[in-house]
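Visitor: please find the sequence and the predicted model below.
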Amino acid sequence: MKNKANILIIEDDVLLNDMTKRLLTQHGYCVTSAYSGSEALLLMEKYTFDLILLDLMLPGIPGETVLEKIKSAIDIPIIGVSAKTDIDSKVNLIRNGADDYITKPFDNQELLVRIEAVLRRFQKSTVPNNGKMLHFKDLSLDTEAMEAKIGNTPIALTRYEYLILQLLMSAPSKVFTKNNIFESVWNENFIGDDNAINVHIG
């Protein structure tokens, strides 16, 4: 079986952690398990991962804090996992840097599809782009370093905020529809749900 991405599962439920690890391993992924936020952060210092499945209800360090710590140190795709189904929880998680969200109990096929989609989007967004600089008034974008500035002041952006900004600045005279933005940035067909876009441009 072809080797795929290295995935870190952060889940304190031993049974669910083991079942998820087995599922992903069967589909060719290299999987490492962590059972707390502190253990996960230690593993992040020693090893390189391509994607993280992060349970939000962790003992000790809360999942939201783990998310912030990881995202402040490295740009890596993270899928939040939680029993919370309300839209506010999902929106807040994505605003804080998560790339997707799946609720418990989840269907195995849904999890696999979400992992594939997030990895595909991330790989597309990290393709080298020959160091092109984009400018619009006082706003500048370094597409090699993936950095944005107003004047000389850096702007803190999530990856999707950056990609949306890059798209808009690449053709400043063009009017982009939400359909255009979603299909260009998320690399998926737009199905009429604009929540993902609104989170990043609201």
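Guide: In hand now; what should we look at?
Visitor: outside of the longest helix belonging to the chain, which residues touch it?
Guide: With DSSP state H setting the assignment, residue counts place helix 108-125 as the longest helix in the chain. If you take C-beta atoms under 8 Å, 6 or more residues apart in numbering as the criterion, helix 108-125 is touched by 5, 7, 20, 23-24, 27, 29, 50-51, 53, 77, 79, 99-100, 102, 159, 163, 185-188. From N, CA and C alone the C-beta is placed, and that goes for glycine too.
Visitor: and that helix, which residues are buried?
Guide: Leu111, Arg114, Ile115, Ala117, Val118, Leu119, Arg121, Phe122, Ser125 (16 or more other C-beta atoms under 10 Å).
Visitor: from these, which has minimum pLDDT?
Guide: Least confident entry in the buried residues of helix 108-125, by pLDDT: Ser125, with 58.
Visitor: for stretch 83-100, buried residues please.
Guide: Buried, per 16+ other C-beta under 10 Å, within stretch 83-100: Lys84, Ser89, Lys90, Val91, Asn92, Leu93, Ile94, Gly97, Ala98, Asp99, Asp100.
Visitor: before we move on, back to that, distance between the longest helix of the chain and the chain's centre?
Guide: 10 Å (C-alpha atoms, centre = their mean, to the nearest Å).
Visitor: what's downstream of it, the next helix or strand?
Guide: Moving toward the C-terminus from helix 108-125, the first helix or strand encountered (DSSP states H and E) is strand 133-136.
Visitor: let me have the buried residues of helix 108-125 in CSV, extended by distance to His135.
Guide: What follows is these, written out as CSV (distance: C-beta to C-beta, whole Å):
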residue, distance to His135
Leu111, 41
Arg114, 36
Ile115, 37
Ala117, 32
Val118, 31
Leu119, 32
Arg121, 26
Phe122, 26
Ser125, 21
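Visitor: and the contacts of helix 108-125, which of them are buried?
Guide: Buried among the contacts of helix 108-125 by 16+ other C-beta under 10 Å: 5, 7, 20, 24, 29, 50-51, 53, 77, 79, 99-100, 102, 159, 163, 185-186.
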